[in-house]
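A.B. asks: Predicted model, plus sequence, below.
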Amino acid sequence: MSEESTELGHGHSPAAWTAVTIMLIAFAIGTVAFWFDMAWLVWASAALLVVGALVGWILSKAGYGVNGAKYVAKEH
């Protein structure tokens, strides 16, 4: 890699972490609900999965994404 490449941060932002956490919880709930044959909870967890993606997008637009005004990158 060249020294002039633009590093986007690989999603290490509050928006990304929040979205992924919500979606992991939704996936875990959906898996358990599928195992116990609870169709309504499977669909509710699918809806929560979509909510997690929307929350990440909204937080990113609000400035908490990688290039957002409210995000401060940490040095490695």
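C.D. replies: Arrived safely.

A.B. asks: what's the closest non-adjacent residue to the spatially most central residue of the chain?
C.D. replies: Compute the mean C-alpha point of the chain, and by Cα atoms, centre = their mean the closest residue is A19, 2.0 Å away. Spatial nearest neighbour of A19, excluding adjacent residues (Cβ to Cβ, 6 or more residues apart in numbering): G56 at 2.6 Å. Quick note: C-beta positions are derived from backbone N, CA and C, even for glycine.

A.B. asks: got the contact list for the one you found?
C.D. replies: Shown in contact with G56 (Cβ atoms under 8 Å, 6 or more residues apart in numbering): 15-16, 18-20, 22.

A.B. asks: Stretch 47-65 - what's its average pLDDT?
C.D. replies: Averaged across stretch 47-65, the pLDDT comes to 95.

A.B. asks: Counting neighbours, which bits of it end up buried?
C.D. replies: Neighbour counts over stretch 47-65 (16 or more other Cβ atoms under 10 Å) mark 48-49, 52, 55-56, 59-60, 64-65 as buried.

A.B. asks: go on, stretch 18-29?
C.D. replies: Using 16+ other Cβ under 10 Å as the test for burial, stretch 18-29 gives 18-19, 22-23, 26, 29.

A.B. asks: how far out from the middle of the chain is it?
C.D. replies: Put simply, stretch 18-29 sits 8 Å off its chain's centre (Cα atoms, centre = their mean, to the nearest Å).
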